[in-house]
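Undergrad: dropping a prediction and its sequence here:
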Protein chains: 2
Amino acid sequence: MDRSSGRVNIASNGEDGMSHTFSVIGLNHGHINGQVQGLLKTGDWSIKHVYAAEPDLLEAFTTKFTDVTVAESEAQVLEDDSELIASASINADRGPLAVRALEAGKHFFVDKPCVTTLKDLEVIKAAVEATGKKWFAFFGEMVLSAEVEWVREELRKGNLGEPVHFMGLGPHSLRIDSRPDWMFNGRQYGGILNDIASHQMAQFCYWMDQTPIPQFSRVGNLYHPERPEFQDFGDASFGGSKGATGYLRVDWFTPAGLPSWGDIKQQLITTEAYIEHRKNLDIGDAPDYKAKLIVTRSDKETEVVDLRGQKAPFFERLTKDVEDGTETAIPFELGYTASKAIVEVQQQAITLEGIKKP
Amino acid sequence: MDRSSGRVNIASNGEDGMSHTFSVIGLNHGHINGQVQGLLKTGDWSIKHVYAAEPDLLEAFTTKFTDVTVAESEAQVLEDDSELIASASINADRGPLAVRALEAGKHFFVDKPCVTTLKDLEVIKAAVEATGKKWFAFFGEMVLSAEVEWVREELRKGNLGEPVHFMGLGPHSLRIDSRPDWMFNGRQYGGILNDIASHQMAQFCYWMDQTPIPQFSRVGNLYHPERPEFQDFGDASFGGSKGATGYLRVDWFTPAGLPSWGDIKQQLITTEAYIEHRKNLDIGDAPDYKAKLIVTRSDKETEVVDLRGQKAPFFERLTKDVEDGTETAIPFELGYTASKAIVEVQQQAITLEGIKKP
């Protein structure tokens, strides 16, 4: 494939100018919009089919993405000539769907959480090895962040010493009445740690470059007894295979007054630096300046690294990986290791009792 | 004692106008300066004796507080006519000293950590009950903070719903070469959680109004093998007797570039609000605005509660407690419960292996 010629016609947006095609199966989480938009914006991808069991989700999707054709069945999509399937299906369906897509000869690009069981993950690994196709985990908070990339590069260059501790906080606003039922079904949802703290676990793996070792975790339905299978709080302590430490916490208690779905934060402590990444907004400050990366080193004063408006080139890297067989967007090993660790801490978690409503 | 007449002569600062006298035993931590200054600034207290085993610490103290008389022995202080002993001795010495002071008929005002063993704490409790004297725990970060008081009042009024989670972070700069040897002696120091995370544990008890239940904790000497008994990292997860959750983390890795000894933070999640208290500085922002209290509720947008320059009236309350037998500064039960919980999480902690130096 001549990559440069494939880009000549981007501006025309004509299908002839596109190098690659993808289809979509599963619209159960809104993240699919970001996945599709990201692929389309590269100018290298066009969209072919979409399949979903839910007519309302299909209608919203086709209103947004008018170039797509609605397929009558999942099988029709698996048999089309697209190279890649993007999916944000119900959490528990993502693992088996990955295997069907890989075995149909397609790359698979899946929203987090990628699986809900360790068995699903092992079957994916085997399918990747057998088919040679790519399985791309989409930890959107991480892979699109220029700040995350900046820190990773500094760590790689040795400018930040040895990693000591990573803390990742992922509070979310629940808006309980507008959430679909499957989010309150234990098996389909797969637990709060796996569902939303998979972001934080992937971040630990990406920055620290070591395998997480679960130590202690807890989950609970602290204050939503009307949804008995839901978990509204979870946190976990873990180590790393090179001696670093990690902690993550997620919850669904962000109050409606926050002008965002959550105040996502990360802290990284190394032997030479202290870093805070206010990932989603800078709470208490002007609302127009979102991400903020605050770096203090042993040899110079606190500085705010200003990367506002920049994004990491995740989708361009994904395209390159499809074309060249590289692993620049997100290595399989990273998606696998992070998914394995977060399912483990989910499964090993103690269950907390609820707070009594007054 | 006529309290109002005792205050008439405050401005003259003459000893005759002072209602109360105190003495000092143990100068091993600089916190003693804040304890003494706080008492003197009320205008109700004058200082009588100081005793310490270390000539250099005595010299620094008497240079700062010129009205004090150096005692020749601890016994001389215990036998003087002061009403209260203030102390910031070596951590492990604070428990036994408390009992000697109480049994000498004096109130005891002790820097945190108050004890290093559970046995010491029980003996103190018995001595308080037997003597009727006060034992004041000095969790300076907490009791002097107007922001902490503001949150507590809102919780008490029911304006913040039910407590869900408390997180307290206490990173510190080590400056290893200037620390005294006892801080690197395991028995004298008593471990990192007890030494510095006692602040965070007291905070949990004060805001949440429930007894901590230890769940998991870990400590380690991750990167300072030249001081083998030192712990440079610790964190702990615990519950509360009414169903809240807690997490605290402390370390000695704050880099020299930070214009402070640490970026101390607290987060409080309730069923109605999300609160961040940047306690010591607002990292990344203007250095002149120190504490920042950021409050988001379910019914209104994020606001910064501006209490800059205000302090909670801890020392005035302590004076009142001595005079009236009340417990307004820090109830015995709070100091006891927080001390018990933090010694427990220290003792139950798993020990982490160190990071290999490259």
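TA: Looks like it came in fine. Residues are numbered from 1 along each chain as shown, chains lettered A, B, ... in the order given.
Undergrad: and the stretch 251-358 of chain A, which residues reach chain B?
TA: A:251, A:253-259, A:263, A:267, A:269-274, A:276, A:283-285, A:292, A:294, A:296-302, A:304, A:350, A:352-358 (CB under 8 Å from any CB of the partner chain). Yep, even glycine has a C-beta here, placed from its N, CA and C like the rest.
Undergrad: tell me if I am right that residue A:187 is in a helix.
TA: Yes: when DSSP: H, G, I helix; E, B strand; the rest coil is applied, residue A:187 is found to be in a helix.
Undergrad: how near is residue A:328 to chain B?
TA: 26 Å (CB to the nearest CB, to the nearest Å).
Undergrad: what strand or helix carries that residue?
TA: Under the criterion DSSP states H and E, no helix or strand holds residue A:328.
Undergrad: cool, and residue A:75?
TA: Following DSSP H and E, one finds residue A:75 within helix A:74-78.
Undergrad: strand partners of the helix or strand just after that helix, parallel vs antiparallel please.
TA: Remark: after helix A:74-78, the chain's next helix or strand is strand A:84-88, criterion DSSP H and E. Paired strands of strand A:84-88, with direction, are strand A:20-27 (parallel), strand A:107-111 (parallel) (DSSP bridges).
Undergrad: what's the most buried one of the ones you listed?
TA: Of all the strands paired with strand A:84-88, strand A:107-111 has the most neighbours on average by mean count of other CB atoms under 10 Å in any protein chain shown, namely a mean of 26.
Undergrad: please save the CA atoms from that strand in PDB.
TA: C-alpha atoms of strand A:107-111 as PDB (Å, rounded to 0.1, in the frame of the first residue of the first chain):
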ATOM      1  CA  HIS A 107      -8.300  -6.300  13.600                       C
ATOM      2  CA  PHE A 108     -10.400  -5.500  16.700                       C
ATOM      3  CA  PHE A 109     -10.500  -2.100  18.300                       C
ATOM      4  CA  VAL A 110     -12.300  -2.300  21.600                       C
ATOM      5  CA  ASP A 111     -13.300   0.300  24.200                       C
END
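Undergrad: give me the contacts around stretch A:307-324.
TA: Stretch A:307-324 is contacted by residues A:1, A:3, A:19-20, A:38-39, A:41-42, A:44-45, A:83-84, A:107, A:109, A:134, A:136, A:143-150, A:289-291, A:293, A:326-330 when judged by CB atoms under 8 Å, 6 or more residues apart in numbering or on different chains.
Undergrad: got the buried residues for it?
TA: A:307, A:312, A:313, A:314, A:315, A:316, A:317, A:318, A:319, A:320, A:321, A:322 (16 or more other CB atoms under 10 Å in any protein chain shown).
Undergrad: same deal with stretch A:348-358?
TA: Those buried within stretch A:348-358 under the rule 16+ other CB under 10 Å are A:349, A:352, A:355.
Undergrad: centroid residue for chain A?
TA: With distances taken as CA atoms, centre = their mean, the residue of chain A nearest its centroid is residue A:139 (1.8 Å).
Undergrad: wait, isn't that one in contact with residue A:200?
TA: No: contact criterion CB atoms under 8 Å: residue A:139 and residue A:200 do not qualify, at 9.4 Å.
Undergrad: any weak-confidence spans in the stretch 101-250 of chain A?
TA: Counting by pLDDT under 70, the stretch 101-250 of chain A shows no low-confidence range.
Undergrad: the helices in it, which residues?
TA: Along the stretch 101-250 of chain A, counting by DSSP state H, counting those that start in this stretch, helices occupy A:118-131, A:140-143, A:146-157, A:186-189, A:192-196, A:198-208.
Undergrad: let's have those helices in TSV, adding distance to chain B.
TA: Below are these laid out as TSV (distance: least, CB to the nearest CB, whole Å):
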stretch	distance to chain B
helix A:118-131	22
helix A:140-143	18
helix A:146-157	13
helix A:186-189	20
helix A:192-196	13
helix A:198-208	11
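Undergrad: as JSON lines, those with mean neighbour count would be great.
TA: Shown next, in JSON lines, are the helices of the stretch 101-250 of chain A (neighbours: other CB atoms under 10 Å in any protein chain shown):
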{"stretch": "helix A:118-131", "mean neighbour count": "16"}
{"stretch": "helix A:140-143", "mean neighbour count": "22"}
{"stretch": "helix A:146-157", "mean neighbour count": "18"}
{"stretch": "helix A:186-189", "mean neighbour count": "17"}
{"stretch": "helix A:192-196", "mean neighbour count": "26"}
{"stretch": "helix A:198-208", "mean neighbour count": "27"}
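Undergrad: want to try TSV for those helices, with distance to residue B:214 as columns?
TA: Converted to TSV, these look like this (distance: least, CB to CB, whole Å):
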stretch	distance to residue B:214
helix A:118-131	30
helix A:140-143	32
helix A:146-157	33
helix A:186-189	28
helix A:192-196	21
helix A:198-208	24
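Undergrad: which among those is found nearest to residue B:208?
TA: helix A:192-196 (21.4 Å; CB to CB).
Undergrad: counting contacts, what elements does the closest one pack onto?
TA: Contacts defined by 3 or more CB pairs under 8 Å, 6 or more residues apart in numbering or on different chains; DSSP states H and E place helix A:192-196 against strand A:212-220, strand A:233-240, strand A:245-251, helix A:332-348.
Undergrad: return the distance of that helix from the chain's centre.
TA: Distance of helix A:192-196 from its chain centroid, counting by CA atoms, centre = their mean, to the nearest Å, is 11 Å.
Undergrad: so what touches it?
TA: By CB under 8 Å, 6+ apart, helix A:192-196 touches A:91, A:113, A:116, A:170, A:172, A:189, A:217, A:219, A:231-234, A:236, A:248, A:250-252, A:342-343, A:345-346, A:349.
Undergrad: which among the residues you listed count as buried?
TA: Applying 16+ other CB under 10 Å to the contacts of helix A:192-196, the neighbour count classes A:91, A:113, A:116, A:170, A:172, A:189, A:217, A:219, A:231-234, A:236, A:248, A:250-252, A:342-343, A:345-346, A:349 as buried.
Undergrad: circling back: in strands, which of the residues of the stretch 251-358 of chain A next to chain B fall?
TA: A:251, A:267, A:269-270, A:273-274, A:276, A:292, A:294, A:296-297, A:304, A:350, A:352 (DSSP state E).
Undergrad: buried ones among those?
TA: A:251, A:267, A:269-270, A:273-274, A:276, A:292, A:294, A:296-297, A:304, A:352.
Undergrad: what's the closest non-adjacent residue to residue A:20?
TA: residue A:45 (4.9 Å; CB to CB, 6 or more residues apart in numbering or on different chains).
Undergrad: and that neighbour, how close does it get to residue A:37?
TA: Between residue A:45 and residue A:37 the computed distance is 11 Å (CB to CB, to the nearest Å).
Undergrad: for residue A:30, find the nearest of the helices and strands packed on helix A:192-196.
TA: Nearest of the helices and strands packed on helix A:192-196 to residue A:30, taken as CB to CB: strand A:245-251 at 17.8 Å.
Undergrad: same for that closest one, what does it pack against?
TA: Strand A:245-251 packs on strand A:163-171, helix A:192-196, helix A:198-208, strand A:233-240, strand B:163-171, strand B:233-240, strand B:245-251, going by 3+ CB pairs under 8 Å, 6+ apart.
Undergrad: adding distance to residue B:73 as columns, could you present these in JSON lines?
TA: Shown next, in JSON lines, are the helices and strands packed on strand A:245-251 (distance: least, CB to CB, whole Å):
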{"stretch": "strand A:163-171", "distance to residue B:73": "44"}
{"stretch": "helix A:192-196", "distance to residue B:73": "58"}
{"stretch": "helix A:198-208", "distance to residue B:73": "53"}
{"stretch": "strand A:233-240", "distance to residue B:73": "47"}
{"stretch": "strand B:163-171", "distance to residue B:73": "36"}
{"stretch": "strand B:233-240", "distance to residue B:73": "36"}
{"stretch": "strand B:245-251", "distance to residue B:73": "35"}
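Undergrad: nearest to residue B:179 among those would be which one?
TA: strand B:245-251 (14.7 Å).
Undergrad: what's the angle from that closest one to strand A:163-171?
TA: 150 degrees (axes from the mean of the first three to the mean of the last three CA atoms, to 10 degrees).
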